[in-house]
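Q: What follows is a predicted protein model with its sequence.
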Amino acid sequence: MGNGDSRVRGLAARAGGWSARHRWAAVGIWVLFVVLAMGIGSAAGRVDVDESDQLKGETHTAAQLIDDAGIKEPAGETILIQSKDGSLKSTDAEFRSAVGAVVTAVNGTGRVTDVTSPYDTKTISKDGRSALVQFDMRGDSDTAGDRVEPVLNAVAGVQKDHGSLRIEEIGGASMAKQYKDAFGDDFKKAEYSAVPVALGILLIAFGALVAALLPVALALTAIIATMGLMGIVSHVQPMSDTANSVMLLVGLAVGVDYCLFYLRREREEREAGRDAGAALRIAAATSGRAIIVSGVTVCVAMAGMLFTGLAEFEAMGLASLMVVAVAMVGSVTVLPALLSLLGERVEKGRIPFLRRRGRRGNGESRFWTAVLKGVLAKPLVSVLVAAGALLAIAAPAVGMKTENLTLDQEFGNSLPIVGTYNRVNDAFPGGSEPAEVVVKAKDINAPEVKQALADFKAEAVGSGASLGPVDIKLHDAQNVAFVYVPLVGGSDQDKAAKSLEKLRDEVRPATLGKVDGVQAPITGQVAGSHDFNDQLLGSVVPVFAFVVVFAFLLMLLSFRSLTVAITSIVLNLLSVGAAYGILVAVFQHGWGASLVGAEGVGAIVTWLPLFLFVILFGLSMDYHVFVVSRIREARLRGRTTRDAIQHGVVTTAGVVTSAAIIMVAVFAIFGTLSMQSMKQMGVGLAAAVLIDATVIRGVLLPAVMALLGERNWYFPKWLHRLPDLTHDESPEEITSTVAGEGERVRV
């Protein structure tokens, strides 16, 4: 079958055409870019987000005061000594003997300092059945978990000699060790298993090893290059391990998706009778252009995280933005070069019994053809049923409650230390995670400052914010004092937050606030969670507005249709709303939580809703742009809007389904991790992508477009002055005529 000259234009088409003509140069430039990015990034090293920059407000001020004073806070540890049956009290000889044995044992390790007896510090519960031995680990607090094992062994030895008492340790170092032992490999396993899972699904989708390897290779090289770029950029915007994990997740998803879109279109054009060159040019001008529109939209969505003012979010947003941009560039440059080099060899490594089933010769999905027949026959009913179902799923989101998860919420009963955490909080409310007041004065030993500290200590208990004991630790040389205040409410975040507010708004102004020149920001786990929530809530509106407005403008310019732009935003918001509803139902209320190996913890982790919105809004645009581009292309070829809808949906259904299955599988891996926050992220992302690729793109989008008819392409005259980015083409009509087809194809 002959081919006419497919003169395609546009950024993606020109990039693809150049790469196909200069394939070795294109591949060489890409490899050089990846190697240089990784090499320079490794040489530059990565600067991570500093704890003092994590938050704004009082938490940030407190961390800055500590840094400026040059004080390195050690990792504090606590040993709970408690009567198992309640028969022994702290005044009994056996209890006293156990306390003495603990103090001697931990001192004997040589790993600790400042060991205090509960009889000196009055850290004895009101009922007299529990007491706390407290001390600090020597050395850097960040690595204390690596040195705490001898201390834990010493405590375990004392426990063996006192069977009637419960003797157990908790603190930053012991928690870090137990966490590392139990879950240290969780993330690595999830990250390592994501690639084989994606490759396996691609093998099924393509039925050929070479074709399946291409998307994975593109995604991995994009990720490697971005890792190097993160090192370079981190000297301006610090990065983090979390940002690295998110980058890997997003990079694998979009890298595979973009390559999948491009490769599927190229194969489809070749099956239609076009030669290799024409197939590549058409794939570049259509799927390549869709990739650029999608990639820019995803980058804009990720950029929304830069408006939070939170260092961790800014790192995640910038890392995600970079990997999407790199994957997008790779898809429209090195991919066509590789396809040109491979030619028919892209079909090498055919897997027996993995022939493409359920697809017609023209690339249309039989299953989705059947579904579309029903949807287009009764579009109004389809819209009402699908939208009604999604709104019902989204309904629980109205009662969403967000908070930073406590240790018991995060890990349940999977860690022994959770039981210790709960017992300490029951006996000493707030004792396991006290508020920390960082007091800075010109002279910390001045009489008025000492009196204010004493008044604060007394008033903290007198006001009901704390049950005590309140501990004060002086650093005379730096004129700094640390005041540790166990908050009433303990692990109950709502009650503890009220105690914190009482300290900040009532106790502090009445005591420390009356001394000129004294700074006294209040930090700690509860304060950090409170400040994080406040800052995150303050950034929700600007982030949502930025992402929605810019996504709307990009869709408007890319499709020259006001209707398409509006429906795109509404459908994406509906998809995100459904994901929120599932999260609240499963993890807040516990409905069906056991089905995903989770449990209802009464709240959604604070950072997740905004993170999910940005990620999902970006990723869902992948599918939307790809499907709508195909519909618009069919419409430009002369098909009626109804025929164009059916053609666009059924011809893209296979690739969208394959891409969605990969994303769902990869995200679901994170849902298998032991941490509740990771389960929430994995389940939320997987559920949203599944809904988006099926209900939204397969039912709601075609039904809405069928109802709108020709109004889908409505573009008011007053908007005609806007730039025309429909295909990034020159004004002249670009056509391709294929002999025997009898159809003019505008590509």
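A: The structure has been received and is ready for your questions.

Q: next SSE after the lengthiest helix in the chain?
A: As assigned by DSSP state H, the longest helix anywhere in the chain is helix 525-559. As assigned by DSSP states H and E, the chain's next helix or strand after helix 525-559 is helix 562-583.

Q: Give the other helices and strands that that next one contacts.
A: Packing partners of helix 562-583 (3 or more CB pairs under 8 Å, 6 or more residues apart in numbering; DSSP states H and E): helix 379-394, helix 525-559, helix 608-636, helix 676-691, helix 701-708. Any C-beta I mention is one placed from the backbone N, CA and C, and that applies to glycine too.

Q: now that helix against helix 379-394, angle please.
A: 40 degrees (axes from the mean of the first three to the mean of the last three CA atoms, to 10 degrees).

Q: buried sites along helix 562-583?
A: Across helix 562-583, burial judged by 16 or more other CB atoms under 10 Å covers 562-565, 567-569, 571-583.

Q: likewise stretch 68-84?
A: 74-83.

Q: wait, isn't Val605 in contact with Ser677?
A: Yes: taking CB atoms under 8 Å as the definition, Val605 is a contact partner of Ser677 at 4.3 Å.

Q: Which residues are in contact with each of those two?
A: Residues touching both Val605 and Ser677 (CB atoms under 8 Å, 6 or more residues apart in numbering) are Leu405.

Q: Give me the more crowded residue out of the two.
A: Val605 (23 against 19; other CB atoms under 10 Å).

Q: What residues does the more buried one make contact with?
A: By CB under 8 Å, 6+ apart, Val605 lies in contact with 402-405, 676-677, 680.

Q: just Gly464 next, same as before
A: 488, 499, 502.

Q: and it, helix, strand or coil?
A: Using DSSP: H, G, I helix; E, B strand; the rest coil, the structure places Gly464 in coil.

Q: now swap in the one 3 residues further on and tell me
A: Using three-state DSSP, the three-state assignment for Leu467 comes out as coil.

Q: pretty sure Ile167 belongs to a helix, no?
A: No: read with three-state DSSP, Ile167 is strand and lies in no helix.

Q: What's the per-residue pLDDT of it here?
A: Note on Ile167: pLDDT of 89.

Q: So what's the residue count around it?
A: For Ile167, the tally of surrounding residues (other CB under 10 Å) stands at 23.

Q: OK, contacts around the residue lying closest to Val296 once chain neighbours are set aside?
A: Nearest residue to Val296, sequence neighbours excluded (CB to CB, 6 or more residues apart in numbering): Leu554, at 6.2 Å. Residues in contact with Leu554 (CB under 8 Å, 6+ apart) are 293, 296-297, 300.

Q: Just say helix, strand or coil for Pro74.
A: coil.

Q: looking at it, it is touching Met137, isn't it?
A: Yes: at 5.6 Å, Pro74 and Met137 qualify as touching, with contact defined as CB under 8 Å.

Q: Spit out the residues that contact the two alike.
A: 113, 144.

Q: Tell me the buried residues in stretch 12-21?
A: 12-20.

Q: Relative to Ser164, which of those is nearest.
A: Ala12 (75.2 Å; CB to CB).

Q: Quick check: closest non-adjacent residue to the closest one.
A: Gly288 (3.2 Å).

Q: where's that neighbour relative to Tyr262, distance?
A: Distance, Gly288 to Tyr262, by CB to CB, to the nearest Å: 6 Å.

Q: Generate JSON lines for the contacts of Leu554, with neighbour count and distance to Leu280 as supplementary columns.
A: Below are those laid out as JSON lines (neighbours: other CB atoms under 10 Å; distance: CB to CB, whole Å):
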{"residue": "Val293", "neighbour count": "28", "distance to Leu280": "19"}
{"residue": "Val296", "neighbour count": "20", "distance to Leu280": "22"}
{"residue": "Thr297", "neighbour count": "27", "distance to Leu280": "24"}
{"residue": "Val300", "neighbour count": "22", "distance to Leu280": "28"}
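
Q: From those residues, which land in strands?
A: In strands, judged by DSSP state E, none of the contacts of Leu554 are found.

Q: can you tell me which two in the residues you listed are farthest apart?
A: Val293 and Val300 (10.9 Å).

Q: Pull up the per-residue confidence for Ser320.
A: 90.

Q: do the same with Met705
A: Confidence score, pLDDT, at Met705: 92.

Q: Kindly report the same for the one 4 residues further on.
A: Looking at Gly709, its pLDDT is 89.

Q: What is the burial count for it?
A: 13.

Q: quick one: low-confidence parts of the stretch 601-747 of the chain?
A: Within the stretch 601-747 of the chain, the stretches with pLDDT under 70 are 725-747.

Q: you'd agree Asp476 is up against Val449?
A: No: Asp476 is beyond contact range of Val449, at 11.6 Å (criterion: CB under 8 Å).

Q: Those two: who's more crowded?
A: With neighbours defined as other CB under 10 Å, Asp476 and Val449 compare such that Val449 has more, 20 against 10.

Q: Now the element after the one helix or strand that one maps to, going C-ward?
A: Per DSSP H and E, Val449 falls inside helix 447-462. Using DSSP H and E, the helix or strand that follows helix 447-462 in sequence is strand 471-475.

Q: list the helices and strands that following strand packs on?
A: Packing partners of strand 471-475 (3+ CB pairs under 8 Å, 6+ apart): strand 480-485.

Q: In the stretch 1-150 of the chain, where is pLDDT below threshold?
A: For the stretch 1-150 of the chain (pLDDT under 70), the answer is 1-9, 51-55.

Q: let's see it at 90
A: Flagging of the stretch 1-150 of the chain using pLDDT under 90 yields the residue ranges 1-23, 44-78, 83-94, 106-117, 119-128, 134-149.

Q: if I look at the residue in the chain sticking out farthest from the centre, how far off is His162?
A: Within the chain, Ala93 marks the point farthest from the mean C-alpha position, 53.0 Å out by CA atoms, centre = their mean. In this structure, Ala93 and His162 are 12 Å apart, going by CB to CB.

Q: again, but for Pro336
A: For Pro336, the distance to His162 - CB to CB - is 73 Å.

Q: so Thr657 is in which element?
A: Assignment of secondary structure by DSSP H and E places Thr657 within helix 641-671.

Q: Please name every helix or strand in contact with that helix.
A: Using 3+ CB pairs under 8 Å, 6+ apart, helix 641-671 sits against helix 186-206, helix 241-271, helix 366-377, helix 608-636, helix 676-691, helix 701-708.

Q: hang on, the earlier thing: so which of the helices and strands packed on helix 562-583 is nearest Val324?
A: Closest of the helices and strands packed on helix 562-583 to Val324 is helix 608-636, at 7.5 Å (criterion: CB to CB).

Q: which other helices and strands contact that closest one?
A: The elements that helix 608-636 packs onto, with contact taken as 3+ CB pairs under 8 Å, 6+ apart, are helix 241-271, helix 289-303, helix 311-332, helix 525-559, helix 562-583, helix 641-671, helix 676-691, helix 701-708.

Q: Export these as a markdown table, with columns for distance to Ala458.
A: Output for the helices and strands packed on helix 608-636, formatted as a markdown table (distance: least, CB to CB, whole Å):
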| stretch | distance to Ala458 |
| --- | --- |
| helix 241-271 | 41 |
| helix 289-303 | 50 |
| helix 311-332 | 37 |
| helix 525-559 | 21 |
| helix 562-583 | 44 |
| helix 641-671 | 48 |
| helix 676-691 | 38 |
| helix 701-708 | 65 |
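
Q: Between those helices, which one is closest to Leu595.
A: If we rank those by CB to CB, the stretch that ends up nearest is helix 676-691, at 9.9 Å.
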